[in-house]
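Visitor: generate a structure from the sequence data that follows.
(2 chains)
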Amino acid sequence: NAGVMQNPRHLVRRRGQEARLRCSPMKGHSHVYWYRQLPEEGLKFMVYLQKENIIDESGMPKERFSAEFPKEGPSILRIQQVVRGDSAAYFCASSLRTGRDEKLFFGSGTQLSVL
Amino acid sequence: KNEVEQSPQNLTAQEGEFITINCSYSVGISALHWLQQHPGGGIVSLFMLSSGKKKHGRLIATINIQEKHSSLHITASHPRDSAVYICAASGGGADGLTFGKGTHLIIQP
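Guide: Have a look, this model is predicted:
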């Protein structure tokens, strides 16, 4: 039973390019969360998705960032026209259900470096 | 908006010592998570609790809902416990966590 899989593990982009980060949740999990960890800062919530729906995107910048979790395939976090300030570790987590008793399972993260 | 504060920020101890990491939050929550992040970045969920106390091996987590405070204890600490320990507060539903900045723990042999 594979855990949460994120790829790529490391992603290097030049300013202005697009970055696509993928997250495959644990088998059977239909809830996905994306978090960003800036250097020397704590984790920050970005977006919460269920299959085909964005439930809460209050932590995601309004411009250049988007997320999806299609019916088939992984969840994608997309950053358009990347800037140096986007350099960070991006983690996703999944859970079986929502609610107070649900444990989150984290992926190993994608380290995005913008040159 | 919930504010989550952890203390200490950094902690260095000798192998075998009893370790306590504290977490306080400002707004009532539905659950409190303790996470462990090793060098290299991977995050493991250690505990999720909404009341009382949970134990797993040498790790113990407690929460006091009235005081809005949680503690993570490590008994008989070992160098492999060296990591960043993060607490995170969950509001109603699971629509995002508010994280503390983490406690960087180093256990020296």
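Visitor: next up, the contacts around residue B:17.
Guide: B:77, B:107 (C-beta atoms under 8 Å, 6 or more residues apart in numbering or on different chains). Placement of C-beta: from N, CA and C, glycine included.
Visitor: measure it to residue B:78 for me?
Guide: Going from residue B:17 to residue B:78 by C-beta to C-beta, to the nearest Å gives 10 Å.
Visitor: what's the overlap in contacts for these two?
Guide: Shared contacts of residue B:17 and residue B:78, defined by C-beta under 8 Å, 6+ apart, are found at residue B:107.
Visitor: neighbouring contacts of the lowest-mean-pLDDT helix or strand in chain B?
Guide: Least confident helix or strand, chain B: strand B:97-99 with a mean of 86, by mean pLDDT, DSSP states H and E. Strand B:97-99 is contacted by residues A:33, A:35, A:42-45, A:104, B:1-4, B:25, B:33, B:86-91 when judged by C-beta under 8 Å, 6+ apart.
Visitor: buried among those? Make that a PyMOL selection.
Guide: Selection command for PyMOL covering only the buried members of the contacts of strand B:97-99, criterion 16 or more other C-beta atoms under 10 Å in any protein chain shown:
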select buried, (chain A and resi 33+35+42+43+44+45+104) or (chain B and resi 2+4+25+33+86+87+88+89+90+91)
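Visitor: tell me which of the contacts of strand B:97-99 fall in strands.
Guide: Using DSSP state E, the subset of these located in strands is A:33, A:35, A:43-45, B:4, B:25, B:33, B:86-90.
Visitor: is stretch A:6-16 in proximity to chain B?
Guide: No - with C-beta under 8 Å from any C-beta of the partner chain as the threshold, stretch A:6-16 lies outside contact range of chain B, at a closest distance of 9.2 Å.
Visitor: in that stretch, which residues are buried?
Guide: A:6, A:11, A:13.
Visitor: is it fair to say the second one lies in a strand?
Guide: Translated: residue A:11. Yes - membership of residue A:11 in a strand is supported by DSSP: H, G, I helix; E, B strand; the rest coil.
Visitor: make a markdown table out of the buried residues of stretch A:6-16 and add pLDDT.
Guide: Listed next are these as a markdown table, based on pLDDT from 0 to 100:
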| residue | pLDDT |
| --- | --- |
| A:6 | 96 |
| A:11 | 97 |
| A:13 | 98 |
